[in-house]
Each structure stands twice: as structure tokens, then as C-alpha cells.
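K.L.:
When you get a sec, could you give me coordinates for this:
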Amino acid sequence: MELVFGLEMMEVYHSRNIYALIKKLLRGDKGPSDEGGLPKSGFLMVLLGIIFMKGNHAPGEEVWEFLSVLGVYTGRKHWIFGEPRKLITKDLVQKGYLNYRQVPNSDPPHYDFLWGPRACVEINKMKVLEVLAKIHDTVPTSFPVLHAEALRDQAERAGLRGRARAPTMAEASAPSRAKSYSSSHI
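P.N.:
Purely as a prediction, here's the structure:
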């Protein structure tokens with residue numbers, strides 16, 4: 001419940017068997033949430049996980065089939081997410097977390113889900129794989145092909161960050177054009 005719905009069940013009164021659902025965000029969660037503050041990031045992570053597992057593009061039919069296992073059905077309002085088709089194909093697409101595209105030359109039309117540009121920037125594949133592993137009660141290395149891809153994704157991200165910060169050897173060894181000033185009035 002915590003991973004997908006962002007809720008944790010807490011015991012309030014042991015003697016009366018009374019429980020409460022408590023909002024719980026994923027650590028470092030900066031993902032989407034609705035107006036009431038219930039996180040949708042766990043739901044998004046599941047969607048991104050399905051896409052990742054299907055080779056980085058998932059047929060819409062398979063996404064809806066998987067979500068139905070979780071009790072989330074298209075056309076039926078969900079008590080946390082509202083109408084899931086609107087949430088997924090409109091809200092998450094508009095915010096850039098997902099791409100939803102028609103498969104070329106499909107008749108009748110079929111659609112695929114892909115990671116959107118915002119998901120590619122804000123969410124790494126290893127985090128998604130960790131969520132998938134938790135759902136399956138295992139560890140990320142239990143998915144060797146996905147784990148290898150997630151490690152490559154991490155390395156690429158680290159390389160991009162390193163290149164953005166570190167000057168090249170030519171830049172580092174080039175003489176400075178800055179003028180040096182000294183003053184005894186400091």
C-alpha cells in the first residue's frame with residue numbers, strides 16, 4: 001500500500017483493533033501529488049516500472065491489465081487517484097512524466113506508454129528497479145538485464161554531472177584571463 005498508494009496503515013487503538021491510513025511520502029519524494037496532498041509518486045513509479053520492464057515502451061493494454069491487478073480500472077473512479085485514465089493519459093502526460101503515443105500504422109489504433117522527459121530527468125532507473133524489487137519481495141539484482149541497464153543509466157547520469165562541473169584538461173591548464181588586483185584597503 002505504501003509503494004503504490006503512498007499510505008501506511010498504523011494501529012491507533014490496539015485493544016479495539018482500530019487502524020488509520022497515514023499519508024507517507026517516499027524518501028526524497030518530489031513527484032506529483034494531488035490537491036489533497038496524497039502522493040501519486042508511488043503510482044508513477046509503478047507505471048515507470050512497467051514501462052522499464054517492457055523494454056522502455058509498454059503497450060497500453062498491458063499497462064491497464066497490470067493496473068487492474070492493483071484494483072485500478074480505467075473508467076472507474078479510484079478512491080485515491082480519481083479517474084485513472086485521466087490521471088495517466090492527461091495529467092502525467094501534461095506534466096511530462098509519461099509519453100502516450102499511437103503506435104504507427106496500427107488499425108485499430110494502439111497506444112504505447114514511454115517515460116516522459118521530466119521522468120527521464122527527475123527519476124533514475126535504479127530507483128524504479130528498487131521499487132519493482134520491493135513489490136516482488138526481492139532485490140534489484142534479481143532482474144539482471146534491468147539491473148545492468150539501471151547501472152548504465154547511473155553511470156551516464158554521473159558522467160553528465162561530472163562533465164557539467166569539471167573543466168576539461170585544456171580549460172584547466174589554459175592561462176587565466178582574469179586580472180588580479182591587490183589593495184591595502186581591504
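K.L.:
Now do the contacts for the residue lying closest to Lys77 once chain neighbours are set aside.
P.N.:
The shortest distance from Lys77 to any non-neighbouring residue, by C-beta to C-beta, 6 or more residues apart in numbering, is to Glu83 (5.4 Å). Backbone N, C-alpha and C define where each C-beta goes, glycine included. By C-beta atoms under 8 Å, 6 or more residues apart in numbering, the residues touching Glu83 are 75-77.
K.L.:
One more: Gly49?
P.N.:
Here Gly49 is in contact with 128-129, 131-132, 135 (C-beta under 8 Å, 6+ apart).
K.L.:
For the residues you listed, give me CSV that also has distance to Pro104 and neighbour count.
P.N.:
Formatted as CSV, the contacts of Gly49 follow (distance: C-beta to C-beta, whole Å; neighbours: other C-beta atoms under 10 Å):
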residue, distance to Pro104, neighbour count
Val128, 27, 26
Leu129, 29, 25
Val131, 31, 23
Leu132, 29, 23
Ile135, 32, 15
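K.L.:
Any idea which helix or strand in this protein has the lowest mean pLDDT?
P.N.:
Least confident helix or strand, the chain: helix 2-5 with a mean of 46, by mean pLDDT, DSSP states H and E.
K.L.:
got the end-to-end distance for stretch 134-141?
P.N.:
Distance across stretch 134-141, first residue to last, is 12 Å (C-alpha to C-alpha, to the nearest Å).
K.L.:
What residues of that stretch count as buried?
P.N.:
Pro140 (16 or more other C-beta atoms under 10 Å).
K.L.:
who touches it?
P.N.:
In contact with stretch 134-141 (C-beta under 8 Å, 6+ apart) are residues 3-4, 46, 49, 126, 129-130, 132-133, 142, 146-147, 150.
K.L.:
Stretch 91-105 too?
P.N.:
31-32, 40, 44, 47-48, 51, 59-60, 88-89, 109-119.
K.L.:
quick revisit: state the pair within the contacts of stretch 134-141 that is farthest apart.
P.N.:
Val4 and His147 (21.7 Å; C-beta to C-beta).
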